[in-house]
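[1] Predicted model and sequence follow; I will ask about them next.
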Amino acid sequence: MKPHFWRPPVLSTERVTLRPFVNEDAEALFEYAKNPNVTRFTLWDAHQTVADTNTFIRDYAVLRYMEGMPEPYAITLNPAPQPVGACGCFWAAEPHRTMELGYWIGEPFWGKGYVAEACRAVLGLAFAEFGPERMQARVIDGNAASGRVLEKLGFRYEGTLRRALLRRGRFEDVRMYSLTREEWGRDQKPEIT
C-alpha cells in the first residue's frame, strides 16, 4: 500500500494530459459518465447523479492510487483541465506479471484518436515503471471501436471467451487482446510533468 497521498505522475502528449482525479472533477466528469451510450460496453452503469461520480473518485480512484496503481487517470484535452474520460492499468495477476488496460471517453470525443494517444502514454509508463510481461485488455463483444483502439496500440486478438461475463442480467462474450513486453519493445517513455 502506498501512502494515502500518493498519486500517479502526470503524463503529457501532444493533445492530451493524463492526471490523477481530484474531488473537483466530479461535475465535469458526470456530464460524460451519465451517457448510456458511453456505458453501453462498460462494466459500470451510467451515473445517475453527481454523487455517483463523487463515489467513483472517492471510493475507486483514491483506493487504486493507495494501491500504487496508475489507474484511473483523468483524460484531459490540452489545454483544458476538465476530464473527458479515463484510462489506466492495474495488475490482473501480479505474480504472473500481467496487467490490464482499461479506458473510456465521452461521446463527443469518439473517433478522434484521443483514447489511443492516452493509452499509449499509460502503456509507456506501465512497461517502464511496473515491468509487466503481458498487458491484456477485455472487450465486450460488439464493441468494434474498442478493438480498433487496441489494434492501433499493437495488441493482438487472442480469442473470445464465450458467455464469460454476466452483465446487466445477460451473459456476454468477451474478446481478449494482449500485448507482450517484447511486442511493445519501443522506448516510448511518456513526458512526466
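    All right, it came through fine. Numbering: from 1, shown residues only.
[2] Please count neighbours and contacts with C-alpha atoms only from this point.
    Fine.
[3] Just read off the phi/psi values of Trp115.
    For the record, residue 115 is Val, not Trp. When read as degrees, to the nearest 10, the backbone of Val115 gives phi -70, psi -40.
[4] Lowest-scoring secondary structure element of the chain by mean pLDDT?
    strand 191-192 (a mean of 53; mean pLDDT, DSSP states H and E).
[5] The residue nearest the centre of the chain bridge partners, please.
    Centroid-nearest residue in the chain, with Cα atoms, centre = their mean: Cys87, separated by 2.3 Å. In this entry, Cys87 is beta-bridged to Tyr73, Tyr103, by DSSP bridges.
[6] any idea how far it lies from Leu11?
    Distance, Cys87 to Leu11, using Cα to Cα, to the nearest Å: 12 Å.
[7] for Ile105, same thing?
    Relative to Leu11, and taking Cα to Cα, Ile105 is found at 17 Å.
[8] How about Asp45?
    In terms of Cα to Cα, Asp45 sits 27 Å off from Leu11.
[9] between the two, who's got more neighbours?
    Leu11 (22 against 17; other Cα atoms under 10 Å).
[10] Need the pLDDT of that one.
    Reported pLDDT at Leu11 in the predicted model: 98.
[11] got it, and the one 5 residues further on?
    In the prediction, the pLDDT value recorded for Val16 is 98.
[12] Show me the shaky parts of the chain.
    Within the chain, the ranges that satisfy pLDDT under 70 run 186-193.
[13] which residue sits farthest out from the middle of the chain?
    Gly169 (24.1 Å).
[14] Enumerate every residue touching that residue.
    For Gly169, the contact set (Cα atoms under 8 Å, 6 or more residues apart in numbering) is empty.
[15] Arg163 versus that one, what's the distance?
    Counting by Cα to Cα, the gap from Gly169 to Arg163 is 12 Å.
[16] can you map out the strands along the protein?
    Taking DSSP state E as the test, the strands found in the chain are 11-12, 16-20, 73-77, 83-93, 98-105, 134-140, 156-167, 170-180, 191-192.
[17] Any chance of the ones you listed in JSON lines with distance to Gly147 as columns?
    Converted to JSON lines, the strands of the chain look like this (distance: least, Cα to Cα, whole Å):
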{"stretch": "strand 11-12", "distance to Gly147": "24"}
{"stretch": "strand 16-20", "distance to Gly147": "21"}
{"stretch": "strand 73-77", "distance to Gly147": "19"}
{"stretch": "strand 83-93", "distance to Gly147": "15"}
{"stretch": "strand 98-105", "distance to Gly147": "12"}
{"stretch": "strand 134-140", "distance to Gly147": "7"}
{"stretch": "strand 156-167", "distance to Gly147": "8"}
{"stretch": "strand 170-180", "distance to Gly147": "8"}
{"stretch": "strand 191-192", "distance to Gly147": "26"}
